[in-house]
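K.L.:
Quick one, structure for this:
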Amino acid sequence: MPPVPYIVLGGDLNLDLSRKNAHDVYYNQMLERVGLRDLWNARPTALRYTYCDLSCGAHSCIDHVALSDDLLGRCTDADPRHDALN
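P.N.:
Below is the predicted model of the structure:
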């Protein structure tokens, strides 16, 4: 399947890709099949965390944005927002 030029897939997927479990592997395989790249993996310096549990100090990246290569190449900045409205 040829990649479509402009695709954005994003959401609260509850996937922590650092764990490398079956869901994470499937997500990465699906992205590869449809020609998308996970923004946080493509720009690891932009990532801090998307989930924080202050009671135990845990941080993880469970929300993801995947972009087609054309859009990824146009992305100049991306960071999760951490404020009261998020």
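K.L.:
can you point me to the longest helix in this protein?
P.N.:
Longest helix in the chain by number of residues (criterion: DSSP state H): helix 22-34.
K.L.:
Provide the contact partners of that helix at residue level.
P.N.:
With contacts defined as C-beta atoms under 8 Å, 6 or more residues apart in numbering, helix 22-34 is touched by 1, 3, 7, 9, 13, 15, 16, 17, 37, 38, 64, 66. Where C-beta positions appear, they are placed from N, C-alpha and C, glycine not excepted.
K.L.:
just those: which has the poorest pLDDT?
P.N.:
Within those, the minimum per-residue pLDDT falls on residue 3 (56).
K.L.:
and stretch 28-36, what's its mean pLDDT?
P.N.:
Computed over stretch 28-36, the average pLDDT equals 91.
K.L.:
chain center to stretch 38-56, what's the gap?
P.N.:
Chain-centre distance of stretch 38-56: 9 Å, with C-alpha atoms, centre = their mean, to the nearest Å.
K.L.:
for stretch 67-76, same thing?
P.N.:
Worked out by C-alpha atoms, centre = their mean, stretch 67-76 lies 13 Å from the chain centre.
K.L.:
Alright, that wraps it up for me.
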